[in-house]
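**Student:** The following block contains a protein sequence and its predicted model.
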Amino acid sequence: MKDYLHATFASTFAWAGNIYDLIIITYIYSELERFFHIGIFEVSLLFSIGLIGRFFGGLIFGRYINYIGNKNGMIIGTLGYSIASAGMAFSINVPMLFAFRTVQGIFMGGEWTTGTVLSYNYAPKNVSGAIVGFVQSGYGLGYALTGASYIVFLSVISYDWRLFLLTGLIPIAIAPYAFLKIPKENLKSYKKLNIKLGTYKIAILKSSIMMSGLFGAYFSIFSFYPTIAPEIGISGAIIGIVIIASNVIVSIAFITFGRLSDIASKKLLVIAGSASAMISSFFAIPAFGVIHMYSIPGIFVFSFSVGILTVIPLIIMERVADQAKSFVSGISYNLGALVGGVISVVVSLIVQIVPSISILYVINWVDVICLLAVIGTALTIKSMERSYTLNKLNNIRNQN
C-alpha cells in the first residue's frame, strides 16, 4: 500500500476516535447530573472544557511540530485522548472528571492539528482536497459510532454509564498502526523561513470566524439533540439511528466537498453550504409544531450542508508555508471548535436564566447568527492571486 494511503487511513480513524471521545458524553448528560449532583450548565461546561483543551493542544503541538513531526504528533495525541477517556470513566468526583476532560481536550487538539496536515503532505497534489475531505469524514464516522454505541448500551446506560464511556479507549489501537506503517518524516525538510505569526493574521482571523460559525451552528443542534429530540416526538432508539444516519451523511459531505474543492471555487462552496445549513436548521430543530414532521429530513440536509467545513482548512493550507500549516490550521480549527462549544454553553445559560424561552427557539436563532457570520466572512475571501497572506509569504520566500 502506498504511503499516502497509510497516512490517510491512520489520520481518518484517529480523527474518528477523536470525535467519538469528544461527543460520547453528550449521551449521558442525565446520568452525569444524577451521579455527580450537577446541572445542565455544568455538563455543558464539561463538554466545552474539552474544546478549550483542544485549542491549547493545537497551539502546543503546532508550535513544536518542527521538532516532533506530524506523524509522532498524531500518535501522541491519539494515545493521550484515549487514555484520558478511560480516566473520565473511572472518575469519582467532579474535579477529577473535569481534569481528565481538560487533558483529553489537549491531546485531541494535538491529534487534529498534526493528523490533517500529515494526510495533506502525503497526498498527491491533484487529489489533496479529496484526501483531506476523506480524512475529515472521520468526523461523521466517529459521531455515527457514538450513535451505534448508544443503541448497544441503551439498556444499561442508566446504571452502568462508566462502561459506555470506557469505549473511548478503543482508538488507542490506531497508534501502533501509524507507527509501523507511516514512514518517518524528514524534519530537516521544514525550511526555517523568517515567518512571524503576524504574516498569517488575516488568514487566521477569517478562517477562525468561519470555523466558529459552523461549529456554533453544529454544536447548538447536536450537543443538545439527544436531550431535546423527545420534545419533537423522536424516541430514544430513533435518536441513535438519526445520529448514525446524520453523521454518515456528514462523512459523505466531507468527501464530496473535498473533491469539489479540487475543481470548483472554495469560496462559493462555503457560501452555498452555509446558506443551505441555515435554511435546513429551522426544519431540523422545529420550534413550530406544524413542521415537526420535517425534522428528520431537515437534520439530514443540515448534516450534509455543514460538510463545507472541510473546505476551510484547504483554503488555509494552500496559502501558508509547509512548516506553518499545522500551527495556523490548528489555531483556526480548534479556536472555532472552542467558540462553538462556548456558544452551546450560552444556549444552555439562556434557557436556564429565562426558562420561559424554548430551547428550540434559542437554537434556531443562534444558528442564523452563526451561519450569517460564515457567509459574510466568506464573501471577503480573495482569490489566490490577490491573497494578502500568500503574497506576503512569497515576498518573504524571495528575500530568503
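**Tutor:** Nice, I can see it.

**Student:** so where's the stretch 301-400 of the chain uncertain?
**Tutor:** 322-323, 383-400 (pLDDT under 70).

**Student:** what are the ranges of the helices in it?
**Tutor:** 311-317, 325-353, 359-378, 388-399 (DSSP state H, counting those that start in this stretch).

**Student:** Pick the most buried one from those.
**Tutor:** helix 311-317 (a mean of 24; mean count of other CB atoms under 10 Å). The C-beta positions use only the backbone N, C-alpha and C, and glycine is treated the same way.

**Student:** Does Phe215 touch Leu335 like I think?
**Tutor:** No - using CB atoms under 8 Å, Phe215 is not in contact with Leu335, being 9.6 Å away.

**Student:** re earlier: show me the one of the helices of the stretch 301-400 of the chain that comes nearest Ser48.
**Tutor:** Set against Ser48 and scored by CB to CB, the helices of the stretch 301-400 of the chain come closest in helix 325-353, at 3.7 Å.

**Student:** Which neighbouring elements make contact with that closest one?
**Tutor:** Helices and strands touching helix 325-353, as assessed by 3 or more CB pairs under 8 Å, 6 or more residues apart in numbering; DSSP states H and E, comprise helix 40-63, helix 65-89, helix 94-122, helix 201-222, helix 311-317, helix 359-378.

**Student:** Including distance to Val328, could these go into a markdown table?
**Tutor:** Output for the helices and strands packed on helix 325-353, formatted as a markdown table (distance: least, CB to CB, whole Å):
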| stretch | distance to Val328 |
| --- | --- |
| helix 40-63 | 8 |
| helix 65-89 | 11 |
| helix 94-122 | 10 |
| helix 201-222 | 6 |
| helix 311-317 | 6 |
| helix 359-378 | 16 |
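
**Student:** now the particular helix or strand that has Ile228 in it: how far from the chain's centre is it?
**Tutor:** Using DSSP states H and E, Ile228 sits within helix 225-228. Computed by CA atoms, centre = their mean, to the nearest Å, the separation of helix 225-228 from the middle of its chain amounts to 19 Å.

**Student:** Mind checking the pLDDT average for that helix?
**Tutor:** The average pLDDT for helix 225-228 rounds to 78.

**Student:** That helix: what's the following helix or strand?
**Tutor:** That would be, after helix 225-228 and using DSSP H and E, helix 236-261.

**Student:** ok so, going back, for Tyr159, find the nearest of the helices of the stretch 301-400 of the chain.
**Tutor:** helix 325-353 (25.5 Å).

**Student:** So what's the gap between the closest one and the chain middle?
**Tutor:** 10 Å.

**Student:** Repeat that for stretch 75-93.
**Tutor:** The chain centroid and the centroid of stretch 75-93 are separated by 18 Å under CA atoms, centre = their mean.

**Student:** How about stretch 362-378?
**Tutor:** With CA atoms, centre = their mean, you get 17 Å for stretch 362-378.

**Student:** As TSV, the helices of the stretch 301-400 of the chain with distance to Gly73 would be great.
**Tutor:** What follows is the helices of the stretch 301-400 of the chain, written out as TSV (distance: least, CB to CB, whole Å):
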stretch	distance to Gly73
helix 311-317	16
helix 325-353	7
helix 359-378	28
helix 388-399	23
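
**Student:** Ile182 and Phe9 touch, don't they?
**Tutor:** No - taking contacts as CB under 8 Å, Ile182 lies outside contact range of Phe9: 9.3 Å.

**Student:** So between the two, which is more surrounded?
**Tutor:** Ile182 (23 against 19; other CB atoms under 10 Å).

**Student:** Now do the contacts for that one.
**Tutor:** Asp3, His6, Ala7, Ala10, Lys71, Leu118, Tyr122 (CB atoms under 8 Å, 6 or more residues apart in numbering).

**Student:** about what we covered before: relative to Ser235, which of the helices of the stretch 301-400 of the chain is closest?
**Tutor:** helix 359-378 (17.7 Å).

**Student:** Give me the angle between the closest one and helix 40-63.
**Tutor:** 20 degrees (axes from the mean of the first three to the mean of the last three CA atoms, to 10 degrees).

**Student:** Okay, angle between helix 359-378 and helix 325-353 too, please.
**Tutor:** Going by the same axes, to 10 degrees, helix 359-378 makes 150 degrees with helix 325-353.

**Student:** and helix 359-378, what does it pack onto?
**Tutor:** For helix 359-378, the helices and strands in contact under the criterion 3+ CB pairs under 8 Å, 6+ apart are helix 201-222, helix 225-228, helix 266-284, helix 325-353.

**Student:** Now render the ones you listed as CSV, adding distance to Met96.
**Tutor:** Supplementary listing: those in CSV, determined by distance: least, CB to CB, whole Å:
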stretch, distance to Met96
helix 201-222, 25
helix 225-228, 24
helix 266-284, 35
helix 325-353, 21
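
**Student:** CA-only coordinates of stretch 149-167 in CSV, if you can.
**Tutor:** The C-alpha coordinates for stretch 149-167 follow below in CSV (Å, rounded to 0.1, in the frame of the first residue of the first chain):
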residue,chain,number,x,y,z
SER,A,149,-22.7,2.5,20.8
TYR,A,150,-25.7,4.4,22.3
ILE,A,151,-28.0,1.8,20.8
VAL,A,152,-25.9,-1.1,22.0
PHE,A,153,-25.6,0.3,25.6
LEU,A,154,-29.1,1.9,25.8
SER,A,155,-30.5,-0.7,28.2
VAL,A,156,-27.6,-0.4,30.7
ILE,A,157,-26.5,3.2,30.4
SER,A,158,-28.8,4.4,33.3
TYR,A,159,-26.9,2.2,35.8
ASP,A,160,-23.6,1.4,34.0
TRP,A,161,-22.6,4.7,32.2
ARG,A,162,-18.9,4.1,33.0
LEU,A,163,-18.7,1.1,30.7
PHE,A,164,-20.3,3.1,27.9
LEU,A,165,-17.7,5.9,28.5
LEU,A,166,-14.9,3.3,28.6
THR,A,167,-15.4,2.6,24.9
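
**Student:** from here on, count from 31
**Tutor:** Noted, 31 is the first residue going forward, which turns the last one into stretch 179-197.

**Student:** This completes my enquiry, with thanks.
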